[in-house]
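Colleague: give me the fold of what follows.
(chains A and B)
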Amino acid sequence: MAEMNAPLVRVAGLSRYFDVSAPWLNRVLDGQPRLILKAVDGLDFEINRGETLALVGESGCGKSTVARLVVGLYRPSAGSIVFDGVDMAGLGGRAEMAPIRRRLQMIFQDPFASLNPRWRVSAIVSEPIRAFRLLDDERLIVERVGQLLRQVGLSPVDGEKYPHEFSGGQRQRISIARALSSQPEFLVCDEPTSALDVSVQAQILNLMKDLQRQLGLTYLFISHNLAVVRHIADRVGVMYLGRLAELGPAKTLFQLPRHPYTRMLLDTIPDLEMTGRQRTPVAGEVPNPINPPTGCAFHPRCPFANDRCRSERPEAKLNDTGSTTACHAVEEGRLPAGPLPQAA
Amino acid sequence: MALLEVEHLRIEFPTRRGTLVAVDDVSFALAEGEVLGVVGESGAGKSLTGNAIIGLLEPPGRIAAGEIRLSGRRIDNLPYEEMRKIRGKQIGAVFQDPLTSLNPLYSVGQQLIETIQTHTDLTPTQARTRAIELLAEVGIPGAERRVDHYPHQFSGGMRQRVVIALAICVNPRLIIADEPTTALDVSIQAQIIALLKRLCRDHGTAIMLITHDMGVIAETADRVAVMYAGRVAEIGPVRSVIKEARHPYSHGLMGSIPKISDSKDRLEQIEGSMPRLTEIPAGCAFNPRCPQVFDRCRVERPDLMDAGDTRASCWLYAHG
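Modeller: Prediction:
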């Protein structure tokens, strides 16, 4: 095991491309070119032990692809994912992955789709224990399942029920119990509360925070909801078209956002405090990721774009607030620190 | 006179195991040009209430009691054909998923022209001109060209604009918008909210905005109704309900919403979950989860009563 101060997860140059070309025959007959979708394109970040890194962005920005890459459901096209000193991209087959698999688990968005409807809850929760041969004695497994169910706020007798007997929030608790059953250190949560009502979302977020404190868990939290991210994350990465626009401590990022896209996002979320406030919605939409704009991908929607932004892709640079920002305007200091002026 | 009056509305679903009451004794009114937000969790009955108003309640669901009046005229018991004339002409509808509201086999222009011609006497040429005007009004760039495009050629946000154009094409006096921004990204959501607000201001259209997103309501609505287990828990001016909700449920609901502006360590949480329709408790439906429950709540059902600036159905505000 690497030393305790080192980040638990270190991602460098992570990329994942998907081939979305037409079938070979159509390409040949119609002379169509190959089409490559760069879902994730050169991401660098680290996650320290016991902290929560959240990735936010609009649909199609690649955040869920990152989650799937980090748990090994996709293989990266380029770059490395180092988990506690071991490069996961370099691991060969299932056997080499297994010891790492136990230590990282995933929680999915839809608690209706991620639980097998024909299995009892006890079988669902104990599956990782059996798969990784953590306990042999049946009696100990039952005991452990009961303990896990209690830990997520359910009762040991719930183990006898089937998933359809539970509400959405309770099902998400079952997913969490299953994820915890292999005693992982690292949980990747892909929109874990997006399918839930707000009052249930509050219960699940509180539960996740409590478990993190009790068990020293590290989270990678994927969400499109900035308010949820503000609540749960220590550090936040804002993604746009497969790249990180800005990455920094949650507090700084929300109080002193630098990247024009971060500012735009913060400006557009409806917040309870904004009653009657006149917002200036930003024009435009996320461009097609198959054919992203040249230079900085955000330039068509950015009020500060100039010729350099249109031609040269900005690299992530550390700025004075302690966050890294990939923006020419921030780097050159031609961006006012105050609120975003209205987009044309 | 209020534009829309809903009185003692009750929606039932007959099932083999007995009749389920999905909406129970719901009353509210909507004035001309007013935006009423309706919030609540899944299953609270907010969409059913909206569907009942536009006469699109799916069988076996039925209105078992109560009245719905539009400009004083009763519309809940109209024959199908007559309701069809009101729907579209006087009440427009915007639903959550723009793809299911649009016919994929017709261009958006054809769909707009058909709706316009159904409800007005315009010639095909005039209707087409009007369709282009409408697309431009809802902020679709290059409307003259886009009018001949099919729904799949539009992005999600643009499709929702087309649906809004369809809803407003014959200047209805009321729009029922059921989760109009839920399927959209935040930046697009902001654009659609701004659009709805502008339409409301320019045309004096009243909007019943059904959503689970309190943030959207906070920005858009004048008044808000909080629904719980088929009943209105609280109704009042949006600012009062958000800042000082009187009903313990709406109060808990506001506290459970994460906010950008302040980062609390823990969110307030309401224990438990909303009861199923088959298991609605006696008395106040919220009593098993209520932190301020007392004996009366368990036996007697509260109706809406004055509670500060709002009206809440909670015995805490019973006088005498």
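Colleague: does residue B:25 touch residue B:10 like I think?
Modeller: Yes. Using Cβ atoms under 8 Å, residue B:25 is in contact with residue B:10, at 6.2 Å. C-beta coordinates here come from the backbone N, C-alpha and C atoms, glycine included.
Colleague: for burial, what's the neighbour tally of residue 198?
Modeller: In the absence of a named chain, chain A is used. Residues lying near residue A:198 (other Cβ atoms under 10 Å in any protein chain shown) number 23.
Colleague: that answer is for a different chain, and I need it for chain B
Modeller: Residue B:198, neighbours per other Cβ under 10 Å, totals 13.
Colleague: for the stretch 101-250 of chain B, which residue gets nearest to chain A?
Modeller: residue B:215 (3.2 Å; Cβ to the nearest Cβ).
Colleague: rewinding a little: okay, and the common contacts of residue B:25 and residue B:10?
Modeller: Common contacts of residue B:25 and residue B:10 (Cβ atoms under 8 Å, 6 or more residues apart in numbering or on different chains): residue B:66.
Colleague: secondary structure class for the residue of the stretch 101-250 of chain B closest to chain A?
Modeller: Under the three-state scheme (DSSP: H, G, I helix; E, B strand; the rest coil), residue B:215 adopts helix.
Colleague: dump the residue contacts of the closest residue in space to it that isn't next to it in sequence.
Modeller: Closest residue to residue B:215 apart from its sequence neighbours, by Cβ to Cβ, 6 or more residues apart in numbering or on different chains: residue A:270 at 3.2 Å. Shown in contact with residue A:270 (Cβ under 8 Å, 6+ apart): B:189-190, B:193, B:213, B:215-216, B:218-219.
Colleague: redo these as JSON lines? Include neighbour count.
Modeller: Converted to JSON lines, the contacts of residue A:270 look like this (neighbours: other Cβ atoms under 10 Å in any protein chain shown):
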{"residue": "B:189", "neighbour count": "23"}
{"residue": "B:190", "neighbour count": "24"}
{"residue": "B:193", "neighbour count": "22"}
{"residue": "B:213", "neighbour count": "19"}
{"residue": "B:215", "neighbour count": "25"}
{"residue": "B:216", "neighbour count": "25"}
{"residue": "B:218", "neighbour count": "24"}
{"residue": "B:219", "neighbour count": "24"}
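Colleague: hmm, stretch A:192-202 touching chain B?
Modeller: Yes. With Cβ under 8 Å from any Cβ of the partner chain as the criterion, chain B is reached by stretch A:192-202 at A:197-202.
Colleague: now that stretch: mean pLDDT?
Modeller: Over the span of stretch A:192-202, the pLDDT mean works out to 88.
Colleague: kindly report the same for stretch B:209-224.
Modeller: 90.
Colleague: which of the residues of stretch A:192-202 next to chain B count as buried?
Modeller: A:197-202 (16 or more other Cβ atoms under 10 Å in any protein chain shown).
Colleague: just to revisit the earlier point, verify the stated contact: the residue of the stretch 101-250 of chain B closest to chain A with residue A:226.
Modeller: No. With contacts counted by Cβ under 8 Å, residue B:215 stays clear of residue A:226, the gap being 10.4 Å.
Colleague: next, show the common contact partners of those two.
Modeller: residue A:269.
Colleague: doesn't residue A:245 belong to a strand?
Modeller: Yes. Counting by three-state DSSP, residue A:245 falls inside a strand.
Colleague: and it, what does it touch?
Modeller: Residue A:245 neighbours (Cβ under 8 Å, 6+ apart): A:238-239, A:259, A:261-262, A:298, A:325-327.
Colleague: most widely separated two among the residues you listed?
Modeller: Of all pairs drawn from the contacts of residue A:245, the widest gap by Cβ to Cβ lies between A:239 and A:327 and measures 14.0 Å.
Colleague: part of a helix, is residue A:59?
Modeller: No. According to three-state DSSP, residue A:59 belongs to no helix; its state is coil.
Colleague: neighbours of it, just the number please.
Modeller: Residues lying near residue A:59 (other Cβ under 10 Å) number 13.
Colleague: which phi and psi values does it adopt?
Modeller: phi -60, psi 140 (degrees, to the nearest 10).
Colleague: also residue B:224?
Modeller: phi -140, psi 140.
Colleague: tell me what it is bridged to.
Modeller: residue B:37, residue B:236 (DSSP bridges).
Colleague: run through the residues that contact it.
Modeller: Residue B:224 neighbours (Cβ under 8 Å, 6+ apart): B:36-39, B:217, B:235-238, B:241-242.
Colleague: tell me the centre residue of chain B?
Modeller: For chain B, residue B:210 is the residue whose C-alpha lies nearest the centre (Cα atoms, centre = their mean; 2.6 Å).
Colleague: I figured it hits residue B:182, correct?
Modeller: No. Applying Cβ under 8 Å, one finds residue B:210 not in contact with residue B:182, separated by 9.9 Å.
Colleague: stretch B:266-285 near chain A anywhere?
Modeller: Yes. Counting by Cβ under 8 Å from any Cβ, chain A has neighbours in stretch B:266-285: B:266-271, B:273-274.
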